[in-house]
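# Provide a 3D model corresponding to the input given below.
(chains A and B)
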Amino acid sequence: MSAAIVLLMAAPLVAAALAVLARRHLGVQRTITAVTLAGLAATTVALALATRDGSVLASRVGDWAPGLAIVVVIDLAAAMVLLLMLVLAASALVLAALAGEDRHPLLHPLALVLVAGVSLAMVTADLFNLFVAFEVLLIASYVLLTLRAGAEQVRAGVVYVAVNLLASTLFLLGVGLLYAVTGTVALGRLAEVVADDPGALAALSLVLVAVATKAGLVPLHGWLPRAYVHASPAVTALFSGLLTKVGVFVLYRLTSLVLADVPSWAPLMLVVAGVTMVVGVLGGLGGKDVRGILSYHMVSQIGYVMVPLGLWSVGAAAAGLVYLLHNMAVKAALFLGAGAVEHLTGTGRLDRLGGLARVHPWLAVGFVVPAFALAGLPPSSGFVSKYLVVLETFRAGSYAIGAVAVVVSLFTLLSMLKILLGAFWGEAGPDVPSEGVPAPHGLPAMVALSLAFAAATVTVGLGAGWLVGLATDAARVLVDPSAYVAAVLGA
Amino acid sequence: MTAAIVVGLLVAAGTYLVLQRGIVRIALGFTLLGHAATTLMIAAGGASRRAVPFAGAGPDAADPLPQAFALTAIVISFGVTAFLLTLAFRSRDVLGDDDVEEDARSGHDVGGADT
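Below is the predicted model of the structure:
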């Protein structure tokens, strides 16, 4: 079973090559992507079932000698997050197909390369391969972002590429210094050496700055809202589900293995999480178009996911995982909804929209439900996950951060209302088609997709027990990483 | 010590270039930063106290792992440089030059920029 882990990254790379060969045949490309993503999802489900009991699977790639081989490893937390990422990637590509964006012959191959990088980042067991994984997914994302290559894309692309490249260079420098100090970059071994070695901690902090940039934590978030709005709607949905969330999961992994024993880590994370929540939500309030507002909320929501890193108990880690999964799904649903709005009207600007709910009521439902879930209103996954995170802050006695989390969700609601009032309710805007005008091709399917996400968030909100149970099992492995370390060293 | 000075100079020059506005300068800056990272990688393997990594060098042979890291990093930085230069080329087509100054009119408009 554990040999299948390497397929998670190898299969999409092979599929990407095939998709390039089939660049003149859109139908073939779509089939390749669909089959690959379905196969990856099935593999991930099998791996999740195999790790359900708290075991950790590891495998040496190519069966090289221990110590030389690249080790890939998967536990329940990684399997759960990766599975949702695959679902979101598939949804974003469905949106691309419906909007006709995938007529560009490189969209499918690049999306598959992105998936390969994401998979590798989720299963890698050493820091250097993590760097490689980040590069693989970032290079795919650079090209995806600038695929339309208009003036705006080039401007946004340069900011995005420059910031991420700088972060990658820092990452590489950090890995080099860490190797110089400790003689290893394997995550399983770093745990023993880093905590009491200030030199190793200094080197690791370079890596952390890089990962925090990729995760979009304040004050390293500036690139995110600037870049994401200029990608096409489907690409934004793809990035939103996969890119920053990989950085977030890596921070969970690093906390689990290395940083939980470092005394200054927990208070630092609480401060960063609080500032990220506040700055993100205030940025969102000033936005003037749908995806611009949503991009700032992405930053704000990442703050919530970071809170458990500063509390670090089984309950907190479980709350964090639930929040991460909820946020990935809801954010992708909102970007899908925004994509449908732009497909219908050609714009996401609030001053050009209005009254959409009268013309396309189901489109409005598909956006409003995830929007309220983002703000944390019951009965949605947002309420459950926010409740869990705030509960854990109070349990740990960190009342201040709990209060910040509650206040920030009020502001989140305010900006969601701004989108709802600007785009869906009120007078019809100049770019909104009047009633009776036939909907553009693909819109009903887009609406169905976002309604499916809306149904999912409500279902999870009503029956969260099983998800919380699953996340608690996954969190046990994260908080006590002895099984992970044993699996990596014994692979 | 030589490696440390080389890395310092490369990082300084690279950082200066990356902070410029033209994409070609940014690309050159990242090339220098990439060289700095490679040099640091090699130095991290203890290059100063080890022999060349040839067969028969015995226990003093250089640590192969950082060299493998460096090779991988060089390949990646080559790919990224190629992309940045393509972006510069594309920028000349759509913006007139490779200078990416902030456009005050741009705002967050995502609709009208297609070419």
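# switch to C-alpha atoms for all contacts and neighbour counts from now on
Fine.
# report pLDDT for the residue in the stretch 151-300 of chain A positioned nearest to chain B.
As assessed by Cα to the nearest Cα, chain B sits closest to A:Ala180 within the stretch 151-300 of chain A, at 4.3 Å. Looking at A:Ala180, its pLDDT is 88.
# what's the nearest residue to it if we skip its chain neighbours?
Nearest residue to A:Ala180, sequence neighbours excluded (Cα to Cα, 6 or more residues apart in numbering or on different chains): B:Ala44, at 4.3 Å.
# secondary structure element holding the residue most central in space within chain A?
In chain A, the centroid-proximal residue (Cα atoms, centre = their mean) is A:Lys245; its distance is 2.7 Å. Element membership for A:Lys245, per DSSP states H and E: helix A:233-257.
# wait, does that helix contact chain B?
No. Using Cα under 8 Å from any Cα of the partner chain, helix A:233-257 never reaches chain B; the gap is at least 9.3 Å.
# which strands and helices lie in contact with that helix?
helix A:76-98, helix A:107-123, helix A:127-145, helix A:187-194, helix A:198-215, helix A:290-306, helix A:314-345, helix A:465-479 (3 or more Cα pairs under 8 Å, 6 or more residues apart in numbering or on different chains; DSSP states H and E).
# list the contacts for whatever residue of chain B ends up closest to chain A?
Of all residues in chain B, B:Ala44 sits closest to chain A, at 4.3 Å by Cα to the nearest Cα. With contacts defined as Cα atoms under 8 Å, 6 or more residues apart in numbering or on different chains, B:Ala44 is in contact with A:176-177, A:179-180, B:66.
# can I get these in CSV including distance to A:Phe134?
Formatted as CSV, the contacts of B:Ala44 follow (distance: Cα to Cα, whole Å):
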residue, distance to A:Phe134
A:Gly176, 16
A:Leu177, 19
A:Tyr179, 19
A:Ala180, 22
B:Pro66, 18
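# selecting buried members of those in PyMOL, what would you type?
Applying 16 or more other Cα atoms under 10 Å in any protein chain shown to the contacts of B:Ala44, the buried members can be selected in PyMOL as follows:
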select buried, (chain A and resi 176+177+179+180) or (chain B and resi 66)
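# is it possible to get TSV of the contacts of B:Ala44 that adds distance to A:Val408 and secondary structure?
Output for the contacts of B:Ala44, formatted as TSV (distance: Cα to Cα, whole Å; DSSP: H, G, I helix; E, B strand; the rest coil):
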residue	distance to A:Val408	secondary structure
A:Gly176	39	helix
A:Leu177	38	helix
A:Tyr179	40	helix
A:Ala180	42	helix
B:Pro66	45	helix
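# so the spatially most distant residue from the centre of chain A: helix, strand or coil?
For chain A, the C-alpha farthest from the mean C-alpha position belongs to A:Gly436; by Cα atoms, centre = their mean, that distance is 38.1 Å. Remark: A:Gly436 carries the secondary structure label coil [criterion: DSSP: H, G, I helix; E, B strand; the rest coil].
# residues contacting it?
Counting by Cα under 8 Å, 6+ apart, A:Gly436 has no contacts.
# near chain B, which residues of the stretch 51-200 of chain A are found?
A:128, A:135, A:139, A:148-155, A:158, A:162, A:165-166, A:169, A:172-173, A:176-177, A:179-180.
# list the buried residues in the helix or strand bottoming out on mean pLDDT in chain B.
Within chain B, no helix or strand scores below helix B:64-95, which has a mean of 87 by mean pLDDT, DSSP states H and E. Of the residues in helix B:64-95, B:65-67, B:69-70, B:72-74, B:76-77, B:80-81, B:83-85, B:87-92, B:94-95 count as buried by neighbour count, 16+ other Cα under 10 Å.
# which stretch among the helices and strands packed on helix A:233-257 approaches A:Ala405 most closely?
Proximity to A:Ala405, assessed across these by Cα to Cα, is greatest for helix A:290-306 (7.1 Å).
# what angle separates the closest one from helix A:233-257?
Helix A:290-306 runs at 10 degrees relative to helix A:233-257, counting by axes from the mean of the first three to the mean of the last three Cα atoms, to 10 degrees.
# which of the buried residues of helix B:64-95 come close to chain A?
B:66, B:69, B:76, B:80, B:87, B:90-91, B:94-95.
# reformat the residues you listed as CSV; add distance to A:Ala17.
Shown next, in CSV, are those (distance: Cα to Cα, whole Å):
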residue, distance to A:Ala17
B:Pro66, 29
B:Phe69, 25
B:Ile76, 18
B:Val80, 19
B:Leu87, 23
B:Arg90, 25
B:Ser91, 28
B:Val94, 30
B:Leu95, 32
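# tell me which of those residues is nearest to A:Met269?
The closest of those, once distances to A:Met269 are taken by Cα to Cα, is B:Phe69, at 30.1 Å.
# residue 30: helix or strand, and which one exactly?
Since no chain was named, I'll use chain A. Counting by DSSP H and E, A:Arg30 is part of helix A:26-50.
# sorry, should have said chain B
helix B:23-44.
# pLDDT (mean, whole number) over that helix?
91.
# specify the angle between it and helix B:64-95 in degrees.
180 degrees.
# neighbours of A:Gly490, how many?
A:Gly490 has 11 neighbours, counted by other Cα atoms under 10 Å in any protein chain shown.
# what's the neighbour count on whatever residue of the stretch 1-150 of chain A ends up closest to chain B?
At 5.3 Å from chain B, A:Gly150 is the closest residue in the stretch 1-150 of chain A, using Cα to the nearest Cα. Using other Cα under 10 Å, A:Gly150 has 20 neighbouring residues.
# my understanding was that it contacts B:Asp93; is that so?
No. Between A:Gly150 and B:Asp93 there is no contact, the gap being 9.4 Å when judged by Cα atoms under 8 Å.
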